[in-house]
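Asker: I need the structure of the sequence given here:
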Amino acid sequence: MRTLKNHLILFDADCPLCTLYTRGFVNLGILEKGGRLAYQEFAEASCPLFDRQRAVNEIALVNQETGEVTYGIKSLFKVFGTVIHMLKPLFGFAPFVWFMSKVYAFISYNRRVIMPPASVDSNVVQPSFSLVYRIAFLIFTWLITAYILSAYARLMTGLLPDGPAYREYLICGAQILFQGIVIGFINKERRWDYLGNMMTISITGALLLLPGLIAALWLTIAPLFYVAWFMCVAGFMLILHLQRTKLLGLGLTLTLSWILYRLVVLVLIILL
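Answerer: A predicted model of the protein is given here:
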């Protein structure tokens, strides 16, 4: 395997996702040993072209021979282009670069609600917040979650009343609004952080329902099994919600309102 030599990739030490994949680059031999370093530890004076805030937002790759610095998706293209040489023309194709830069930004600006750090050093420069990408994240997770839940609800026929195709979309979307109002009374400054974390929990729960949907393609299983699996997933989501609100310092109120909303919705579904 080709190795990108004399390059240093600077990752966010407070981002578990960033730590994981950059370590993978080194372990696979894509980067040299010592080819990764947390930007929190990087001496800015050693590279005059280095932009710290940009490196916080977009992973930086430093050419240690020339001092050249690339950021974000271009850094990753440079790494992968070394390993998979035939993809270099694609990595230079402007429309593809533009599209992937948006995908990268979508993940990067939401990385701390996707996989939050256990703690953050307040003395270190923090990632910028993008309202556009946070709203995009909420919409994306809402649509995926509602789509999976709509399909899963059909597996519980007889135990859960049938509803219109838009029911789960309405329920999931309304919960974002409801919880957004609740946190507005508790801690308005953490609203977008909380909603991002909440929808990460929602899509995680939805993805955990996929084994049931796959099993239904091949097996005939009683609806009670799907209800039981759904309750197990809901319990796991509750644990995640408690953990995330604790990390955000938001207490139990939001978890209680989260549970209350779901219970009220369930009662309405059954009665109506």
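
Asker: Show me how the record splits this structure into domains.
Answerer: 7-114, 131-271 (automatic domain parsing).

Asker: ok, which stretches of the chain are strands?
Answerer: 7-11, 36-38, 60-63, 69-71 (DSSP state E).

Asker: Residue 202 is nearest to which of those strands?
Answerer: strand 7-11 (27.4 Å; C-beta to C-beta). Using the backbone N, CA and C atoms, a C-beta is placed for each residue, glycine as well.

Asker: re earlier: export the domains of the chain to TSV and tack on mean neighbour count?
Answerer: As requested, the domains of the chain are exported to TSV (neighbours: other C-beta atoms under 10 Å):
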stretch	mean neighbour count
domain 7-114	16
domain 131-271	16
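
Asker: Which of these comes out lowest on mean pLDDT?
Answerer: Across these, domain 7-114 has the smallest mean pLDDT, namely a mean of 89.

Asker: center of this structure - which residue?
Answerer: Closest residue to the average C-alpha location of the chain: residue 114 at 2.9 Å, with C-alpha atoms, centre = their mean.

Asker: Check whether residue 270 really touches residue 163, as I assumed.
Answerer: No. Using C-beta atoms under 8 Å, residue 270 is not in contact with residue 163, being 10.9 Å away.

Asker: ok so, going back, out of the strands of the chain, flag the one nearest residue 238.
Answerer: strand 7-11 (31.8 Å).

Asker: Give me the sheet partners of the closest one and which way each runs.
Answerer: strand 36-38 (parallel), strand 60-63 (antiparallel) (DSSP bridges).

Asker: any chance of those in a markdown table, plus distance to residue 16?
Answerer: Formatted as a markdown table, the strands paired with strand 7-11 follow (distance: least, C-beta to C-beta, whole Å):
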| stretch | distance to residue 16 |
| --- | --- |
| strand 36-38 | 13 |
| strand 60-63 | 19 |
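
Asker: Out of the ones you listed, which gets nearest to residue 212?
Answerer: Closest among the strands paired with strand 7-11, using C-beta to C-beta: strand 36-38, at 38.8 Å.

Asker: Identify the residues contacting the closest one?
Answerer: 8-13, 22-23, 25-26 (C-beta atoms under 8 Å, 6 or more residues apart in numbering).

Asker: and what of stretch 243-263?
Answerer: 116, 118, 175, 178-179, 182-183, 186-187, 190, 193-194, 197-198, 200-201, 234, 238, 241-242.

Asker: just stretch 95-108 next, same as before
Answerer: Under C-beta under 8 Å, 6+ apart, the answer for stretch 95-108 is 57-59, 72-74, 76-77, 90-91, 114, 127, 130, 133, 136-137, 140.

Asker: Could you rerun that using 6 Å?
Answerer: The contact list for stretch 95-108 (C-beta atoms under 6 Å, 6 or more residues apart in numbering) reads 72-73, 90, 133.

Asker: which of these sit farthest apart?
Answerer: Using C-beta to C-beta, these reach their maximum pairwise distance at 90 and 133, which is 24.2 Å.

Asker: end-to-end on stretch 10-18?
Answerer: 9 Å (C-alpha to C-alpha, to the nearest Å).

Asker: who's in contact with that stretch?
Answerer: Outside stretch 10-18, the residues touching it (C-beta under 6 Å, 6+ apart) are 22, 37-40, 42, 55, 60, 111, 115, 117, 120.

Asker: What separation is there between residue 237 and residue 263?
Answerer: Distance of residue 237 to residue 263, computed by C-beta to C-beta, to the nearest Å: 14 Å.

Asker: whoops, I mixed them up, residue 86
Answerer: Relative to residue 263, and taking C-beta to C-beta, residue 86 is found at 55 Å.
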